[in-house]
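Undergrad: sequence unavailable; structure follows:
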């Protein structure tokens with residue numbers, strides 16, 4: 001299933017590259033931990049683009065509760 005986030009803008013970590021997106025900033029040995037480190041200071045929602053797919057992460061109980 002592909003997400004359609006067209007029209008929405010989310011914070012994303014610096015260093016996004018054409019074609020590969022944010023994949024180069026991810027540590028393959030600890031992908032979740034490196035994503036959490038990159039998310040610090042970017043707000044309660046974060047977008048990672050891996051090639052042509054966008055992934056949106058939320059942090060915090062209040063925002064997560066809105067998605068349920």
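TA: Sure thing, it's come through. It should be emphasised that the depicted structure is a prediction, and the values quoted were computed from it without experimental measurement.
Undergrad: how many neighbours does residue 35 have?
TA: When neighbours are counted by other C-beta atoms under 10 Å, residue 35 registers 18. Quick note: C-beta positions are derived from backbone N, CA and C, even for glycine.
Undergrad: sticking with it, tell me its helix or strand.
TA: Residue 35 is part of helix 31-39 when elements are defined by DSSP states H and E.
Undergrad: and the helix or strand following that helix, which residues are buried?
TA: Going down the chain from helix 31-39, the next helix or strand is strand 45-50, by DSSP H and E. Neighbour counts using 16 or more other C-beta atoms under 10 Å place 45-49 of strand 45-50 among the buried residues.
Undergrad: other SSEs contacting the following helix or strand past strand 45-50?
TA: As assigned by DSSP H and E, the chain's next helix or strand after strand 45-50 is strand 53-58. Contact here means 3 or more C-beta pairs under 8 Å, 6 or more residues apart in numbering; DSSP states H and E; on that basis strand 53-58 packs against strand 45-50.
Undergrad: residues in contact with stretch 50-58?
TA: Stretch 50-58 is contacted from outside by 2-3, 5, 10, 19-23, 35, 39, 44-49, 64, 67, using C-beta atoms under 8 Å, 6 or more residues apart in numbering.
Undergrad: and the contacts of the helix or strand of the chain with the lowest mean pLDDT?
TA: Comparing helices and strands within the chain by mean pLDDT, DSSP states H and E singles out helix 61-67 as the least confident, with a mean of 83. With contacts defined as C-beta under 8 Å, 6+ apart, helix 61-67 is touched by 44-45, 58.
Undergrad: what distance separates stretch 54-68 from the middle of the whole chain?
TA: 11 Å (C-alpha atoms, centre = their mean, to the nearest Å).
Undergrad: can you get me a residue count around residue 38?
TA: When neighbours are counted by other C-beta under 10 Å, residue 38 comes out with 19.
Undergrad: with adjacent residues omitted, what lies nearest to it?
TA: Leaving aside its chain neighbours, residue 38 sits nearest to residue 13 (4.2 Å; criterion: C-beta to C-beta, 6 or more residues apart in numbering).
Undergrad: distance of that neighbour relative to residue 66?
TA: Distance, residue 13 to residue 66, by C-beta to C-beta, to the nearest Å: 23 Å.
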